[in-house]
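**Q** One predicted model, sequence on top.
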Amino acid sequence: MKFSESLAKIGQPLTYRRAWRRLRRVLHPIGTEPLLGKIDQARLRELQAKYSALSPSTPSLWRHYSKYADVEKHLRHNIQRAQDFNLHRTTYPHEILDIGCGAGFFLFVAEALGHRGLGLDVSGIPVFDELIDLLGVDRLEYRINGFEKLPDFGRKFDLITAFATAFHGGHEDSWRWGEAEWDFFLTDLKTHLKPGGRIFFDLNAAYDGKYYTPEILKVFQKHGGKLERSHVSFVAGT
């Protein structure tokens, strides 16, 4: 990188925000070992042995997701997420909904910090199903569809998250949500927030290598979204 480019990057607000998040993680650490100590190690070793020896005939999607058997690695990643939401320093327990919860790592970390979580996802990926059971995460099996309201969860949430989103279509899909589907979804999602609650998306680049189209960007802005590359966040009441 050229020196002039380095100087320009230093001047970007995004650079400062990321540096501040890294510093906060260092100042207020969360240890991995106590979390690993909550997991049945014998069952974990059996699971890891199983998914390290998948045959070539195993469906490619299952083999792709077998990487999540590396529990320690993914716990570290989700510890960082919890730190960025300040979940280790809040003054009250949060109700958290994690859309597309996968193996349940984020909710496992959040619950270890004293919060209450609910995962929302489809079943059928064996490593995810087994890890959800191993980690003891509460998951509601549900598929999100465009123009369909979410179910009644019986409670509202302080934080709604969605990491590596796929419910709106991926780059390999012939269909992808447009602005109308996103507008409907965000309008409905906000009804599940407590006052002051937050929504956070970490989007996949589903739109020809981009995280959203100009039209979808306008929808995000209409709903008060704050954007940082793949990250989009909203606050109740905006």
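**A** On my side now, so go ahead.
**Q** and residue 185, what pLDDT?
**A** As predicted, residue 185 sits at a pLDDT of 98.
**Q** correct me, but it touches residue 145?
**A** No. The criterion here is C-beta atoms under 8 Å, and residue 185 misses it with residue 145 at 9.8 Å. Quick note: C-beta positions are derived from backbone N, CA and C, even for glycine.
**Q** what comes up buried for stretch 107-115?
**A** 107-113, 115 (16 or more other C-beta atoms under 10 Å).
**Q** go on, stretch 225-238?
**A** For stretch 225-238, by 16+ other C-beta under 10 Å, it's 225, 230, 232-236.
**Q** Adding secondary structure and distance to residue 79 as columns, could you present the buried residues of stretch 107-115 in JSON lines?
**A** As requested, those are exported to JSON lines (DSSP: H, G, I helix; E, B strand; the rest coil; distance: C-beta to C-beta, whole Å):
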{"residue": "107", "secondary structure": "helix", "distance to residue 79": "13"}
{"residue": "108", "secondary structure": "helix", "distance to residue 79": "10"}
{"residue": "109", "secondary structure": "helix", "distance to residue 79": "6"}
{"residue": "110", "secondary structure": "helix", "distance to residue 79": "10"}
{"residue": "111", "secondary structure": "helix", "distance to residue 79": "13"}
{"residue": "112", "secondary structure": "helix", "distance to residue 79": "10"}
{"residue": "113", "secondary structure": "coil", "distance to residue 79": "10"}
{"residue": "115", "secondary structure": "coil", "distance to residue 79": "14"}
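**Q** Out of those, which is nearest to residue 34?
**A** residue 112 (7.4 Å; C-beta to C-beta).
**Q** so what's that closest one closest to, chain neighbours aside?
**A** What sits nearest to residue 112 in space, not counting adjacent residues and going by C-beta to C-beta, 6 or more residues apart in numbering, is residue 35, at 5.5 Å.
**Q** Tell me if that neighbour really is in a strand.
**A** No. Assessed with DSSP: H, G, I helix; E, B strand; the rest coil, residue 35 is helix; it does not lie in a strand.
**Q** Starting from residue 78, give me the distance back to the closest residue in space to residue 122 that isn't next to it in sequence.
**A** Closest residue in space to residue 122, ignoring its immediate chain neighbours: residue 143 at 5.2 Å, by C-beta to C-beta, 6+ apart. Distance from residue 143 to residue 78, counting by C-beta to C-beta, to the nearest Å: 23 Å.
**Q** of those two, who's got more company?
**A** More crowded of residue 143 and residue 78, by other C-beta atoms under 10 Å: residue 78, with 21 against 10.
**Q** ok, and what's touching the host helix or strand of that one?
**A** Element membership for residue 78, per DSSP states H and E: helix 71-84. Here helix 71-84 makes contact (C-beta atoms under 8 Å, 6 or more residues apart in numbering) with 21, 24-25, 28, 30, 32, 35-36, 39, 44, 48, 68, 88, 103, 105-106, 108-110, 113, 131, 161, 163.
**Q** Next secondary structure element downstream of that helix?
**A** According to DSSP H and E, the helix or strand after helix 71-84 is strand 95-99.
**Q** Kind regards, and thank you for your time.
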